[in-house]
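>>> let me see the structure of the following:
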Amino acid sequence: MPNSQISIYTQKEQGEQWLRRYRGCLPIFACVLGFTETGLIPEISAAGRTPEDRKYTACADAEFLYYGPEHKAQYPLPPLAAGASPVLISRAVFESLKIPIHLFNAGLPQAPAVPVIDLGGAPAKCLSGGAAMEITTVHHLFEQGLLWGERLAANIQQGYLILGECVVGGTTTALAILTGLGIDAAGKVNSSHPVCNHAQKWALVQAGLEKMRGSRGQGGQGRQGEINFQSQIQNPKLVLSEVVGAASRREVSKIQNSVDPLQLVAAVGDPMQVVVAGMAIAASRNCGVMLAGGTQMLAVYALMSAIAQAYALSWQPEAVVVGTTRWVAEDPTGATVDLALSLGKSSLTHSGGTPPLLATHLSFANSRYPQLRAYEQGFVKEGMGAGAACIAAHLSQNWQQHELLAAIEAQLERLSITLN
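Predicted structure coming up:
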């Protein structure tokens, strides 16, 4: 019997099977922090009131998630136009349930003031230039994702892995990846604004993809990068069947007739996307995986499908679900469910099909805090694994709405006391 606090919007049967399998199990949580200069464009995101604030959002969220509200933060939570950071939700659940947290720096402008695993990445430039990251950085980050996905899954006996993110401007890079993979995503993505800024996002994405096509026409990075990537992976045990068939002429010609997903990330993506894709591909072979987020994780899922297809990597799509909040799944200014259904229609991502899209029923309508009630007006919506954290609380402890709300409000109350 599915949990009454969780909705399944796509692939209902597969989603119900996944929930049944992991009922009563505790997950571990890995959060990948990244940065794109796209997030500094005025009005592109509400995850920080000003572009300067948004430079530090990921560091602030990571610090709060790790240490909680009583800690005197080096990077305090940034002021928002309305609402409160979704990290309050994640922290409330992970602290109460004692869920292990692993933080990864995939590419931030400054080091966070918390224990993190540094993956040796770099912040991405604005996607509108069509040259967001070096292809060597993308290859390195993907390799790190595969490595850490296998490591994390090896520590999980009965449970599952939640993969979260914090990237300001990440729904715009998500739109770019989805569009580059041939998925009809325009007008369907979400944002931290109450009314999604679709036109602004779409103009940036069109500019970036146009520049990418232009540089490819002039030779660009060429196809050699894709073939070389196979020889760059150092650990044969990690790779398992990664290299099978990749060197055959048939495989290479097949890749040449399509978009190389890693080149696409280098052109218009952000560092989090390729890390989480690698982690989820590797972890799915050994345990359940919940991609924690909405638009950004649907883009990661599409990327996983495309990378696995292009490079003949083994993975288990049926082990992977996307978990978010109902504010994302039912966002009237986006089309999240339609977007999820579109993933199986692209020839570049059909191997993964459409993932089950799950959402917590969490409501702040009756909260005594206006910062939380703002979620019901469409502000903030999701981030730092908030929706997945609530799903985990429903699954493992059968938490209901009142228990979630009480734990989240307690975090906000403790934070208020600390700040005063």
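
>>> what mean pLDDT does the one helix or strand Ala176 maps to have?
When elements are defined using DSSP states H and E, Ala176 is found to belong to helix 170-180. In this model, helix 170-180 carries a mean pLDDT of 97.

>>> run the chain-centre distance for that helix.
Mean-position distance between helix 170-180 and its chain equals 12 Å (C-alpha atoms, centre = their mean, to the nearest Å).

>>> mind listing what the spatially most central residue of the chain touches?
Geometric centre of the chain, nearest residue: Met297, 4.1 Å, by C-alpha atoms, centre = their mean. With C-beta atoms under 8 Å, 6 or more residues apart in numbering as the criterion, the residues that contact Met297 are Leu163, Glu165, Val276, Leu291, Val322, Thr324. Any C-beta I mention is one placed from the backbone N, CA and C, and that applies to glycine too.

>>> for the residues you listed, give me TSV that also has secondary structure, neighbour count and distance to Ser7.
Written out in TSV, the entries for these read as follows (DSSP: H, G, I helix; E, B strand; the rest coil; neighbours: other C-beta atoms under 10 Å; distance: C-beta to C-beta, whole Å):
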residue	secondary structure	neighbour count	distance to Ser7
Leu163	strand	32	20
Glu165	strand	27	22
Val276	helix	33	23
Leu291	strand	30	16
Val322	strand	33	12
Thr324	strand	32	10
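
>>> what about the strands in the stretch 251-400 of the chain?
Taking DSSP state E, counting those that start in this stretch to define them, one finds strands in the stretch 251-400 of the chain at 288-292, 320-325, 357-360.

>>> helix, strand, or coil at Gly83?
With DSSP: H, G, I helix; E, B strand; the rest coil as the basis, Gly83 sits in coil.

>>> now do the closest residue to Gln377 other than its chain neighbours against Thr333, distance only.
Distances taken as C-beta to C-beta, 6 or more residues apart in numbering place Pro194 nearest to Gln377, at 5.7 Å, with adjacent residues excluded. Note on Pro194: its distance to Thr333, by C-beta to C-beta, to the nearest Å, is 7 Å.

>>> follow-up on the earlier one: now the residue nearest to the centre of the chain: how far from Gly129?
As judged by C-beta to C-beta, Met297 and Gly129 stand 25 Å apart.

>>> next, Ser7: secondary structure please.
What three-state DSSP gives for Ser7 is strand.

>>> wait, Cys25
Per three-state DSSP, the local secondary structure of Cys25 is coil.

>>> give the contact list for it.
Gln158, Gly159, Tyr160, Leu395, Ser396.

>>> considering the residues you listed, which possesses the most neighbours?
Highest neighbour count within those, by other C-beta atoms under 10 Å: Leu395, with 26 neighbours.

>>> I figured it was touching Arg23, is that so?
Yes: Leu395 lies in contact with Arg23 (C-beta atoms under 8 Å); the separation is 5.6 Å.

>>> distance to Leu415 and mean pLDDT for the strands of the stretch 251-400 of the chain - can I get that in TSV?
Converted to TSV, those look like this (distance: least, C-beta to C-beta, whole Å; pLDDT from 0 to 100):
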stretch	distance to Leu415	mean pLDDT
strand 288-292	22	98
strand 320-325	20	98
strand 357-360	21	98
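
>>> make JSON lines out of those and add distance to Ala113.
Formatted as JSON lines, the entries for these read as follows, by distance: least, C-beta to C-beta, whole Å:
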{"stretch": "strand 288-292", "distance to Ala113": "23"}
{"stretch": "strand 320-325", "distance to Ala113": "27"}
{"stretch": "strand 357-360", "distance to Ala113": "29"}
